[in-house]
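Undergrad: requesting a structural model of the entry that follows:
(chains A and B)
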There are 2 protein chains.
Amino acid sequence: MSYQEQYDYFRLAAEEALRGAVPADVPEPLRSAMNYSLLAGGKRLRPVLLLAAYNLQAADITPALPFAAALEMVHTYSLIHDDLPAMDNDDLRRGKPTCHKVYGEGMAVLAGDGLLSLAFETMAQSGHPRALAALRELALRCGTRGMVAGQCADLRAEETGGDADLLHYIHRHKTADLLTAPVVMGLTLAGAEDNRISAGREYGQNLGVAFQIIDDILDVTGNEIQLGKHIGKDAQENKCTWVSVYGLEKARKDAAEYTGRAVAALDIWGEKAIFLKTLAQHMLVRVQ
Amino acid sequence: MSYQEQYDYFRLAAEEALRGAVPADVPEPLRSAMNYSLLAGGKRLRPVLLLAAYNLQAADITPALPFAAALEMVHTYSLIHDDLPAMDNDDLRRGKPTCHKVYGEGMAVLAGDGLLSLAFETMAQSGHPRALAALRELALRCGTRGMVAGQCADLRAEETGGDADLLHYIHRHKTADLLTAPVVMGLTLAGAEDNRISAGREYGQNLGVAFQIIDDILDVTGNEIQLGKHIGKDAQENKCTWVSVYGLEKARKDAAEYTGRAVAALDIWGEKAIFLKTLAQHMLVRVQ
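TA: Prediction:
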């Protein structure tokens, strides 16, 4: 399989798991609001990372699917809440009006709350023998010292302007933590040894920072239609980004350096890690 | 111990667990916003129910404390989000300005998200051998077919006016599910047999509906200072309540009937259940 075929194989498996993920007896319009954002497409990067990491150790990815779905639920909840007027106030996401634009703010708050709850419910109901360890990893990475901490720092930086320390904190927690969790969860579920889980964590953290630097660059240099969201918003809102703190040239250089570190962390798997290595390098190509 | 001494014993144990519950390395002002709402006092009814149910089966309540704390986190998150301008738009809670009034709307959204995540993190980190089963119960009761479903129905009823069917749905899910979960979780953690867990569920569901009927009555007849929140808001906002649908007289009668069913469900424990029986009856006294 080519890299792209392999990506699509993981992505489509995740899409399939997501399609039936919101139970039929969730009341309307909550169910529609959740599915509106959850099934809006997107790269499904976090589920793909989980399934690919799992696949490093185990051939059949089926037991990992509930966790791949849970990750995308957590990611989607964070986007819905982040887009609210009280937060980033975005009206476009993945090329469509944001959840609160369609369903109203109250229902968007509930759709986010519902997706976060359903993520934990889905993992707890999976019956996987290592469910609790994987669930714990996600709770830690998405919570008050992970993603939510990063969003708090991001809000604060809008007021203070931010500096290099705050920038690194934001990128590590707001973005990298939720790209590290999939790799660690995938390896944990597959029963990988501790040194392999550490190597996966190293990959995820570096990939995550590279991903956010690239996102910062694309907000300056990107194409609104290709990205499916408004660009130039970071500068407009005085956001603390890699470009605003270090400038475009250093941002490109750092993106390459973090990507290199991510790729190197996977050497422990040799040839088997070619997909995850290529994934990191593909991201980088968009800004070079 | 008198009923009140027993209540305070459980309540103070929960307070103690909550005091250190938000980790020191959660960034400001997120940590303060979470603690502001979490440590605002209140009856701690959900933790007390969990500890009392656990105590029906086991003498030492220490292993149940992380779950008692998690329950109060979930309850507090739901209050913070429910008070937001996009939801109930309340500016007073437990006699203090609501979280978004003090910390702003964006931080209040994050404080709620943080508390929900921390609840699952706390349970997953507890090390309790039955942690996953208890966590699963809470995820089901607080989520998209539990509390969040009830809040969705509540929002919808404000538009449509609501009817008896919707009223029962709202009371069961918005309120009773998060009073049932503590009892089931406490018994599950203590290793109770299935028929006892079923009896506990029966108690929690009936207690929960009685609790919400009483709350509806107090919004009409209560004292603002004693309740620590504005009253008369239900009628003002066209809320679907037991009083608006059935009138005050039937509401009082039904509160007594649900309380009676809750009390009867505990007969399986005989004298040992006196505290939980008295708890149900004490609630009722406030409106009779």
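Undergrad: and A:Asp88, helix, strand or coil?
TA: For A:Asp88, the assignment made with DSSP: H, G, I helix; E, B strand; the rest coil gives coil.
Undergrad: which residue is the nearest non-sequential neighbour of it?
TA: A:Asp82 (5.3 Å; Cβ to Cβ, 6 or more residues apart in numbering or on different chains). Just so you know, the C-beta spots here come from the backbone N, C-alpha and C atoms, and that holds for glycine as well.
Undergrad: again with A:Ala176
TA: Nearest to A:Ala176 is A:Gly208, by Cβ to Cβ, 6+ apart, at 2.6 Å.
Undergrad: and the one you found, how close does it get to A:Tyr36?
TA: From A:Gly208 across to A:Tyr36, the span is 27 Å (Cβ to Cβ, to the nearest Å).
Undergrad: one more: A:Leu92?
TA: 14 Å.
Undergrad: and A:Leu166, what does it touch?
TA: Applying Cβ atoms under 8 Å, 6 or more residues apart in numbering or on different chains, we find A:Leu166 in contact with A:Ala153, A:Arg156, A:Ala157, A:Thr160, A:Cys240.
Undergrad: sorry, back to before: quick one: which of A:Gly208 and A:Tyr36 has more around it?
TA: Higher neighbour count among A:Gly208 and A:Tyr36: A:Gly208, with 26 against 20, using other Cβ atoms under 10 Å in any protein chain shown.
Undergrad: point me to the residue of the stretch 151-288 of chain A nearest chain B.
TA: Residue nearest to chain B within the stretch 151-288 of chain A: A:Cys152 (4.0 Å; Cβ to the nearest Cβ).
Undergrad: does that residue touch B:Leu110 like I think?
TA: Yes: in this structure, A:Cys152 is within contact of B:Leu110 by Cβ atoms under 8 Å, at 5.5 Å.
Undergrad: give me the common contacts of the two.
TA: B:Leu30.
Undergrad: next SSE after the lowest-mean-pLDDT helix or strand in chain A?
TA: Across the helices and strands of chain A, mean pLDDT, DSSP states H and E gives its lowest value to helix A:224-227, namely a mean of 66. Next helix or strand after helix A:224-227 toward the C-terminus (DSSP states H and E): helix A:233-236.
Undergrad: which strands or helices does that following helix pack on?
TA: helix A:194-221, helix A:242-246 (3 or more Cβ pairs under 8 Å, 6 or more residues apart in numbering or on different chains; DSSP states H and E).
Undergrad: residue boundaries of the strands in the stretch 1-150 of chain A?
TA: A:92-93, A:96-97 (DSSP state E, counting those that start in this stretch).
Undergrad: redo those as CSV? Include mean neighbour count.
TA: Listed next are these as CSV, based on neighbours: other Cβ atoms under 10 Å in any protein chain shown:
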stretch, mean neighbour count
strand A:92-93, 18
strand A:96-97, 15
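Undergrad: out of those strands, which gets the lowest mean score?
TA: Sorting the strands of the stretch 1-150 of chain A by mean pLDDT places strand A:92-93 lowest, at a mean of 90.
Undergrad: starting at the chain centroid, how far to it?
TA: Relative to its parent chain, strand A:92-93 has a centroid offset of 16 Å by Cα atoms, centre = their mean, to the nearest Å.
Undergrad: sheet partners, orientation included, of it?
TA: With DSSP bridges as the test, strand A:92-93 is paired with strand A:96-97 (antiparallel).
Undergrad: any stretches of the stretch 101-250 of chain A with poor pLDDT?
TA: Residues of the stretch 101-250 of chain A meeting the criterion pLDDT under 70: A:224-229.
Undergrad: residues from it in reach of chain B?
TA: Contact residues (Cβ under 8 Å from any Cβ of the partner chain) of the stretch 101-250 of chain A with chain B: A:104-110, A:112-114, A:116-118, A:120-121, A:124-125, A:131-132, A:135-136, A:139-140, A:142-146, A:148-149, A:151-153, A:155-156, A:169.
Undergrad: quick one, helices of the stretch 1-150 of chain A?
TA: For the stretch 1-150 of chain A, applying DSSP state H, counting those that start in this stretch gives helices covering A:3-19, A:30-38, A:45-57, A:65-82, A:99-103, A:105-124, A:131-142, A:147-160.
Undergrad: got TSV for the ones you listed, with distance to B:Glu5 too?
TA: Shown next, in TSV, are those (distance: least, Cβ to Cβ, whole Å):
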stretch	distance to B:Glu5
helix A:3-19	51
helix A:30-38	42
helix A:45-57	50
helix A:65-82	42
helix A:99-103	48
helix A:105-124	36
helix A:131-142	36
helix A:147-160	38
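Undergrad: go through those and name the closest to B:Asp234.
TA: Minimum separation from B:Asp234 across these (Cβ to Cβ) falls at helix A:105-124, 16.8 Å.
Undergrad: who are the packing partners of the closest one?
TA: Under the contact definition 3+ Cβ pairs under 8 Å, 6+ apart, helix A:105-124 sits against helix A:30-38, helix A:65-82, helix A:99-103, helix A:131-142, helix B:65-82, helix B:105-124, helix B:131-142, helix B:147-160.
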